[in-house]
Structure formats: C-alpha cells, structure tokens
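> Sharing a sequence plus its predicted fold:
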Amino acid sequence: MTTTTAPVTVRYFAAAHEAAGVAEEVVPLAGGATVGDLLDTLAHRHGPGLRDVLALCAVLVDGTLHRDRDRPLGTPTTVDVLPPFAGG
C-alpha cells in the first residue's frame with residue numbers, strides 16, 4: 001500500500017516566525033490531512049513555544065481564513081500563520 005503525501009508550504013509571521021525559528025518551511029503531510037493535523041505537526045516539530053502562539057493565530061489556507069481544524073488541505077497548499085496584530 002502506498003501512502004500519498006501532500007507538501008504544504010507554511011509561512012510564519014511576527015511572533016509565529018519567532019517561535020518557529022524559521023520564516024517558511026515545507027511540511028509533508030499524509031493525503032487527506034486537515035488544518036488540525038498540520039497545526040498538531042507544527043506544534044510537535046517546534047515545541048511548546050509555537051504551540052502557545054498557534055492557539056492565538058489566524059490560519060489562512062491559500063489566502064482564505066479558516067477557523068475549522070477539520071478543513072481538508074489540498075495540494076499544493078500554502079498556509080499562512082498570522083498572530084494577532086495590534087495597531088490601527
């Protein structure tokens with residue numbers, strides 16, 4: 001049996017960039033993976049600092065805001081991780 005993988009490009013901004021230690025990375029996920037699967041993978045990969053930041057972040061999938069962790073990711077996919085911003 002062959003496992004399909006879907007590469008997801010993740011771009012981190014502001015505090016998420018700081019917590020992850022990288023501005024961008026490509027994460028291979030099993031076919032059919034969801035936003036929640038990706039966030040869990042990122043938290044495991046980068047540790048509790050990023051896990052805490054992810055809890056506050058907005059997630060854009062291919063430029064569209066998604067709050068549903070069960071949303072399936074397609075391929076190719078770009079995910080932007082955006083912490084809350086202050087300002088006006």
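Good, I have the coordinates. Numbering: from 1, shown residues only.
> pretty sure Leu56 is touching Leu82, no?
No - between Leu56 and Leu82 there is no contact under Cβ atoms under 8 Å: 9.8 Å. Bear in mind the C-beta positions are built from the backbone N, C-alpha and C, glycine included.
> ok, which stretches of this structure are strands?
For the chain, the strands defined by DSSP state E cover 5-12, 24-30, 58-61, 64-65, 77-82.
> Provide the strand pairings for the third one, with the direction of each partner.
In this case it means strand 58-61. With DSSP bridges as the test, strand 58-61 is paired with strand 64-65 (antiparallel), strand 77-82 (antiparallel).
> ok, back up a step: what about Leu56 and Leu82, which has more around it?
Neighbours were counted for Leu56 and for Leu82 using other Cβ atoms under 10 Å; Leu82 has more, 17 against 11.
> What's the separation between the residue lying closest to the more buried one once chain neighbours are set aside and Thr5?
Closest residue to Leu82 apart from its sequence neighbours, by Cβ to Cβ, 6 or more residues apart in numbering: Ala58 at 4.6 Å. For Ala58, the distance to Thr5 equals 26 Å [Cβ to Cβ, to the nearest Å].
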